[in-house]
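Q: Next one to model:
(one chain, ligands or ions: 2)
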Amino acid sequence: MRVTLCQCVLAIALVANLVILYYGSKLQKRIVHRHRDTSVRGASQQLPSHRGMGVTILIREFEDFENHVAEAVQSFLQQRPDQPILVVADRLPYPPLALPAAPNVQVVILRPSPDQPAYTSRPESYIQTDYVALVPDGVKVESTRQLDTMLEEIKVSKGKAHMVAAPVQSLAPLQCLDVKVSLREWTVTYSMATSSKLCSAVRGDAVVLLATKDFFNLSAPLTKPLMTSVFIQTSLRGWTVKILEEVSFPASHQPLFSSSHNQWKADNLAKASRAKLFNDFGIKWVVTEDERQQWYGCSKETPRCFGTVHDDTPEYLFENRWTPPCCLKALRETAKYVTNILETSGVRYWLEGGSLLGAARHQDIIPWDYDVDLGIYLEDIPNCEFLRSIESGSIVDEKGYVWEKAIEGDFYRVQYSETNHLHVDIWPFYPKNGIMTKDTWMDHKQDVDFPEHFLKPLVPMQFAGFTAMAPNNYKSFLELKFGEGVIENPEYPNPALRKLEKGN
Ligand code: ZN
Ligand code: MG
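A: Ligands and ions are numbered 1, 2, ... in the order given. This is a model prediction of the structure:
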């Protein structure tokens, strides 16, 4: 038999290919093994080795003391034995979850362990699918069709909806909500959406599917409560969620939680994680779709939300935020309270500085102001028992407000409470040759003397939800103090430090 040159070259090439393939696969195995040695702590010590499955199941929210995580994982594995599943917990669940030791089932602990590389506490290191399904505890799957339908739907609605939500079979259907988040105003407002299918959030138990890339590009994708946190972040990005009505997931037969004690425990933990979420995100006021208001900011019992103000520029202005709504509310309350006392005790007062400016602009405190300023006639001080007796120290009145003489000079300050130092400043002026003047001057542009005719007479003006007294001809008064056009051209108190961005 004769071998041609061509056959010879082919044979050599074939052998060479086989050799490369053999060593190549050996090398790959070694890499995988090295990963296995150093990777995840938890139920399984392996990295998932498969690709091409469309969705990773991500279970983030469950309680150690009672959960159905193992049951949920089993139900997904029954449909697809190689279904990638990731259980994510803040710390190692105890008692341990009874999870099958399969390479496609991983537990990731978010708390970094100092002997492990950083990626081991980052769930995204273990996800190789293009999509993730966020699955609440106690949800099961009945057929592969459920996830497949969701996957088809999100691919079809690409560009229109970033997320697809399918309800968990329960008594209440999913509600389609609109979420408005204003970080500048520290608020989240929920309302019922006009659409029943395309929403910025859903209320109720749901399986939510979205692109892995989208999910892990959120600011804090795994923050609990997961759905509240995710929808705040996605609505800030203008993303929408589509409710799928043709798909639903059964809940597990045993309801969570089996005892009222466990239910109580779970409720308390949920409440605490909600408060922590809003605190972390800088949300202090939440208005729900049924118009309930929830406050997460300061109160009489807690310190005010911001520290000492330097150069007339409170710290929140550097964070592109305005006065926290709890602080505005407390300032309004304090202003109403103080002016009422001044009025009834016969002390002539008027809105001063930024407070008068706010009243002129929109009948309220300027949305980035940090205190309220009032002027009074010095000679009226003896009429008010609190102001009269302050010289001997500060007074806490029966409503918990603190009256004191300011250490900065000859003026008075009424604080919201002993703990919360939000305050109304009271500046005593006296007339001298027709000019209202005082002895302590602060380093503020608006802090100048002015003709007494602005106070003759004082006129009522709407401010912060009540009727306050103000100088007559307030426009000229304000322009005398701040400069021309001050009402029409809002500026931050110290534009050299922080400039108001116009047009938003
Ligand atoms: Zn506050
Ligand atoms: Mg002020």
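
Q: quick one: pLDDT of Gln7?
A: Per-residue pLDDT puts Gln7 at 68.

Q: mind listing what the one residue in the stretch 51-200 of the chain that gets nearest to ligand 1 touches?
A: Nearest residue of the stretch 51-200 of the chain to ligand 1 (C-beta to the ion) works out as Trp186 at 8.5 Å. For every residue, glycine as well, the C-beta is placed using N, CA and C. Residues counted as contacts of Trp186 (C-beta atoms under 8 Å, 6 or more residues apart in numbering) are 282-285, 297, 321-322, 324-325.

Q: What are the neighbouring residues in contact with Ala468?
A: Ala468 neighbours (C-beta under 8 Å, 6+ apart): 335, 339, 351, 359, 460-462.

Q: 10 Å - rerun?
A: Contacts for Ala468 were tallied using C-beta atoms under 10 Å, 6 or more residues apart in numbering; they are 335-336, 339-340, 343, 349-351, 355-356, 359, 363, 372, 374, 458-462.

Q: Among these, which lie within strands?
A: Judged by DSSP state E, these include 349-351, 372, 374, 458-462 as members of strands.

Q: Is it correct that His429 is in contact with Lys438?
A: Just to correct that, residue 429 is Phe rather than His. Yes - Phe429 lies in contact with Lys438 (C-beta atoms under 10 Å); the separation is 5.0 Å.

Q: any common contacting residues for those two?
A: Joint contacts of Phe429 and Lys438 (C-beta under 10 Å, 6+ apart) are 375, 378, 449.

Q: can you pick the most crowded of those?
A: The member of the shared contacts of Phe429 and Lys438 that has the most neighbours, counting by other C-beta atoms under 10 Å, is Gly375 with 28 neighbours.

Q: Okay, and the beta partners of that residue?
A: Trp350, Trp427 (DSSP bridges).

Q: Out of Phe429 and Lys438, name the residue with the larger neighbour count.
A: Using other C-beta under 10 Å, the more surrounded residue of Phe429 and Lys438 is Phe429, with 22 against 17.

Q: ok, how many other residues are close to the residue lying closest to the more buried one once chain neighbours are set aside?
A: Nearest residue to Phe429 in three dimensions, chain neighbours excluded: Met436, at 4.3 Å (C-beta to C-beta, 6 or more residues apart in numbering). Using other C-beta under 10 Å, Met436 has 21 other residues around it.

Q: Sketch out the low-pLDDT regions of the stretch 351-500 of the chain for me.
A: For the stretch 351-500 of the chain, applying pLDDT under 70 flags the ranges 392.

Q: Check it for the residue nearest ligand 1 and tell me.
A: Leu422 (7.2 Å).

Q: Skipping adjacent residues, who's closest to that residue in space?
A: Nearest residue to Leu422, sequence neighbours excluded (C-beta to C-beta, 6+ apart): Tyr416, at 4.3 Å.

Q: Ok, Pro123 next?
A: Val108 (4.6 Å).

Q: Tyr377 too?
A: Arg348 (4.7 Å).

Q: show me the contacts for that neighbour.
A: Per C-beta under 10 Å, 6+ apart, neighbours of Arg348: 342, 375-377, 379-380, 383, 429, 455, 458, 469.

Q: Ok, Glu452 next?
A: Applying C-beta under 10 Å, 6+ apart, the residues near Glu452 are 377, 429-437, 471.

Q: Which of these fall within helices?
A: For the contacts of Glu452, not one is inside helices, with DSSP state H as the criterion.

Q: Using neighbour counts, trim the residues you listed to the buried set.
A: Buried members of those, counted by 16 or more other C-beta atoms under 10 Å: 377, 429, 436, 471.

Q: Just put those residues in JSON lines and tack on distance to Phe65.
A: Output for those, formatted as JSON lines (distance: C-beta to C-beta, whole Å):
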{"residue": "Tyr377", "distance to Phe65": "65"}
{"residue": "Phe429", "distance to Phe65": "64"}
{"residue": "Met436", "distance to Phe65": "67"}
{"residue": "Pro471", "distance to Phe65": "63"}
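
Q: closest to Gln263 among these?
A: Set against Gln263, the nearest of the buried ones among the contacts of Glu452 by C-beta to C-beta is Pro471 (58.9 Å).

Q: Quick check: the gap between the closest one and Ala464.
A: Using C-beta to C-beta, to the nearest Å, Pro471 is found at 17 Å from Ala464.

Q: and if you look at Ser258?
A: 50 Å.

Q: Arg91 too?
A: Distance from Arg91 to Ala464, by C-beta to C-beta: 46 Å.

Q: Trp350 now?
A: 14 Å.

Q: Looking at those two, which has the bigger crowd around it?
A: Using other C-beta under 10 Å, the more surrounded residue of Trp350 and Ala464 is Trp350, with 27 against 22.

Q: can you list the residues of the stretch 201-350 of the chain near ligand 1?
A: Proximity of the stretch 201-350 of the chain to ligand 1, by C-beta under 5 Å from the ion, involves residues 297-298, 305, 324, 326-327.

Q: Mind checking which of those residues land in helices?
A: Going by DSSP H, the helices hold 326-327 from these.

Q: Excluding residues flanking it in the chain, which one is nearest the residue nearest to the spatial centre of the chain?
A: For the chain, Phe281 is the residue whose C-alpha lies nearest the centre (C-alpha atoms, centre = their mean; 2.9 Å). Nearest non-adjacent residue to Phe281, counting by C-beta to C-beta, 6+ apart: Ile232, 6.4 Å away.

Q: isn't that neighbour right next to Trp239, touching?
A: No - if you go by C-beta under 10 Å, Ile232 and Trp239 don't touch, sitting 11.2 Å apart.

Q: Between those two, which contacts overlap?
A: Here Ile232 and Trp239 have 200, 218 as joint contacts, going by C-beta under 10 Å, 6+ apart.

Q: So the two - more neighbours on which side?
A: Ranked by neighbour count (other C-beta under 10 Å), Ile232 and Trp239 place Ile232 first, with 24 against 17.

Q: Near ligand 2, which residues of this structure are found?
A: 354, 371, 373.

Q: go with 8 Å
A: Within reach of ligand 2 by C-beta under 8 Å from the ion, the chain has these residues: 352-355, 369-373, 425, 493.

Q: could you dump these to CSV with neighbour count and distance to ligand 1?
A: What follows is those, written out as CSV (neighbours: other C-beta atoms under 10 Å; distance: C-beta to the ion, whole Å):
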residue, neighbour count, distance to ligand 1
Glu352, 23, 22
Gly353, 25, 21
Gly354, 22, 18
Ser355, 27, 18
Asp369, 22, 13
Tyr370, 25, 10
Asp371, 21, 13
Val372, 28, 14
Asp373, 23, 19
Asp425, 20, 18
Pro493, 22, 18
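
Q: would you list every one of the helices in the chain?
A: 5-38, 69-79, 144-156, 212-216, 226-236, 260-281, 315-318, 325-345, 353-362, 385-389, 474-482.

Q: Export the ones you listed as a markdown table, with columns for distance to Ala133.
A: Compiled in a markdown table, the helices of the chain are given as follows (distance: least, C-beta to C-beta, whole Å):
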| stretch | distance to Ala133 |
| --- | --- |
| helix 5-38 | 25 |
| helix 69-79 | 9 |
| helix 144-156 | 6 |
| helix 212-216 | 10 |
| helix 226-236 | 12 |
| helix 260-281 | 21 |
| helix 315-318 | 38 |
| helix 325-345 | 36 |
| helix 353-362 | 46 |
| helix 385-389 | 62 |
| helix 474-482 | 57 |
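
Q: mind checking which of those helices is nearest Glu408?
A: Per C-beta to C-beta, nearest to Glu408 of those: helix 353-362, 14.8 Å.
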